[in-house]
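*Asks:* here's a sequence, model it:
(one chain, ligands or ions: 6)
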Amino acid sequence: MPGDKCHCALSSVCLVTNTQENLDKMRSTTIVTSSALTGTALAGLYPGLSPLNHTCALQTPYLSCSSSADPSTVDTCCVETFGGLVLATQFWQIYTGYESQGQLNPKDSWTIHGLWPDFCNGSYTQYCDLKRQYDPLPSPNTTNSKPDGTPVPAWNGTKIQEFLKPFGKLDLLAFMNKFWIAQNQPNSDFWAHEFSKHATCYSSFDVECYGLEYREHEEVVDFFETTVGYHQSLPTWGWLRAKNIVPSNSTGYSLSSIQAALREGFGAKPYIGCSGPAYNETKAGKGSLDKGRTVLTEVWYYHHVFGRVQRGQALRIDADVVGGSLGNCATTPGAVWYYERTKGSEREVY
Ligand SMILES: *[C@@H]1O[C@H](CO)[C@@H](O)[C@H](O)[C@H]1NC(C)=O
Ligand SMILES: *[C@@H]1O[C@H](CO)[C@@H](O)[C@H](O)[C@H]1NC(C)=O
Ligand SMILES: *[C@@H]1O[C@H](CO)[C@@H](O)[C@H](O)[C@H]1NC(C)=O
Ligand SMILES: *[C@@H]1O[C@H](CO)[C@@H](O)[C@H](O)[C@H]1NC(C)=O
Ligand SMILES: *[C@@H]1O[C@H](CO)[C@@H](O)[C@H](O)[C@H]1NC(C)=O
Ligand SMILES: *[C@@H]1O[C@H](CO)[C@@H](O)[C@H](O)[C@H]1NC(C)=O
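*Replies:* Numbering: from 1, shown residues only. Ligands and ions are numbered 1, 2, ... in the order given. This next block holds a predicted model:
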């Protein structure tokens, strides 16, 4: 209800400093720290939020990060007030490491990484509600990424994929197993990581938002469905294909042409992430000063969202909207590799 004034947005959340590990390593935004807050028990984002109706149909879907998206004046369940800079992130990965178990990449498609709630200024928090910690391999393993942070205990209970079944969401599960593919871990564990590390930091996926009729894990299913919805509106493979940029182990591409193709498709500039060796560490780049990386791996699409994230209505914005970078790939013409997938690592899905 509108009367749920959600003051002190940050009071119970540990803001972190430091970088994330592994695949999120490339994130270059600053992470906020507030050491006075470390050690506080984590609960929902807005303590005291009532579980009475949050009838979002009756609320104006203000744009996140606008001056109207003020947690002291709106229902935080109906307007995203915490993680208002929404990043739909995708991978180009050429193997899964679990091929022998049938975990394969989708042919002619990039895969889902996640749907991340950054603060409007580009910094972010993680593992915001340890009551909803389902990640069997927390990374980082403390909320602020530092040894003195609140530990994020590894989950050893029911696999998150099981949460979808009581809701009859088997079609969603099937879609996720086609397009939300993990590398070096089972898909379900990766989904759990994305939910607990990131989705718990949205105001609109807070448990209270689901009201008195809340069914356990409802918001988990809702988050997965929302993430899939964003992914379906972002056909990276097709946008590149339209400009004759297709996976190739014999031709390198220029970052500028990849950027131009995605910018045209998306309508704004995404962040383009590369891994692999720096160009000047490769044979071709010996003596060059270009230390950008050479293997195309990720694309992050930035949005502001109208109302709750679940509505799927968003404004597409440039990835450098708050001063962030547009990527870390090599800029030398022809220096970026969009590799063909390893034999046996992909399957037809369409
Ligand atoms: C919301 O719940 C309150 C009682 O908690 C009720 O009076 C009101 O009619 C409800 N509003 C809607 C739109 O359902
Ligand atoms: C970014 O926004 C968050 C949340 O409003 C705030 O806590 C943090 O201090 C801000 N960081 C910077 C660098 O302004
Ligand atoms: C986190 O991981 C580090 C490095 O593996 C380890 O030394 C530390 O004990 C772990 N901390 C917690 C709280 O699990
Ligand atoms: C599972 O996790 C709980 C809570 O962290 C812990 O108390 C328990 O010992 C764990 N069980 C196993 C078998 O690791
Ligand atoms: C690559 O270029 C950077 C400067 O952009 C330089 O600092 C570094 O030493 C170079 N590395 C190699 C291996 O040449
Ligand atoms: C393409 O090259 C990458 C990187 O060397 C390799 O891992 C992959 O298996 C190759 N794909 C094919 C189809 O040869």
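
*Asks:* which ones are touching Ile94?
*Replies:* Neighbour list for Ile94: Asn105, Tyr339, Glu340, Arg341, Thr342, Ser345 [criterion: Cβ atoms under 8 Å, 6 or more residues apart in numbering]. For every residue, glycine as well, the C-beta is placed using N, CA and C.

*Asks:* where along the protein do the helices fall?
*Replies:* 170-179, 187-197, 218-232, 236-241, 255-266 (DSSP state H).

*Asks:* return the residues of the stretch 101-250 of the chain in contact with ligand 3.
*Replies:* Applying Cβ under 6 Å from any ligand atom, we find that the stretch 101-250 of the chain lies next to ligand 3 at Asn141, Thr142, Pro151.

*Asks:* what pLDDT is listed against Lys5?
*Replies:* Looking at Lys5, its pLDDT is 27.

*Asks:* nearest to ligand 1 among the residues of the stretch 101-250 of the chain next to ligand 3?
*Replies:* When these are ranked by distance to ligand 1 (Cβ to the nearest ligand atom), Pro151 comes first, at 37.7 Å.

*Asks:* surely the closest one touches Thr142?
*Replies:* Yes. Pro151 lies in contact with Thr142 (Cβ atoms under 8 Å); the separation is 5.5 Å.

*Asks:* any idea how far Asp118 is from Val309?
*Replies:* Using Cβ to Cβ, to the nearest Å, we find Asp118 at a distance of 12 Å from Val309.

*Asks:* overlap in contacts, these two.
*Replies:* Common contacts of Asp118 and Val309 (Cβ under 8 Å, 6+ apart): Val86.

*Asks:* look up the residues forming beta bridges with Ile272.
*Replies:* Counting by DSSP bridges, Ile272 forms beta bridges with Val299, Gly327.

*Asks:* how far away is it from ligand 6?
*Replies:* Distance, Ile272 to ligand 6, by Cβ to the nearest ligand atom, to the nearest Å: 19 Å.

*Asks:* could the helices of the chain be laid out in CSV, adding distance to ligand 1, mean pLDDT and mean neighbour count?
*Replies:* Below are these laid out as CSV (distance: least, Cβ to the nearest ligand atom, whole Å; pLDDT from 0 to 100; neighbours: other Cβ atoms under 10 Å):
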stretch, distance to ligand 1, mean pLDDT, mean neighbour count
helix 170-179, 27, 98, 16
helix 187-197, 28, 98, 24
helix 218-232, 18, 98, 21
helix 236-241, 40, 98, 18
helix 255-266, 37, 98, 18
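
*Asks:* next one: the residue of the chain most remote from its centre, what pLDDT does it get?
*Replies:* Distance from the centre of the chain peaks at Gly287, with 36.2 Å (Cα atoms, centre = their mean). Gly287 is assigned a pLDDT of 97 by the prediction.

*Asks:* repeat that for Ala41.
*Replies:* 33.

*Asks:* thinking again about what came up before, can you pick the most crowded of the contacts of Ile94?
*Replies:* Asn105 (24 neighbours; other Cβ atoms under 10 Å).

*Asks:* residues contacting that residue?
*Replies:* Per Cβ under 8 Å, 6+ apart, neighbours of Asn105: Gln93, Ile94, Tyr95, Thr96, Thr111, Ile181, Arg341, Ser345, Glu346, Arg347.

*Asks:* tell me how far the last one lies from Ala242.
*Replies:* The reference is to Arg347. Arg347 is 23 Å from Ala242, where distance means Cβ to Cβ.
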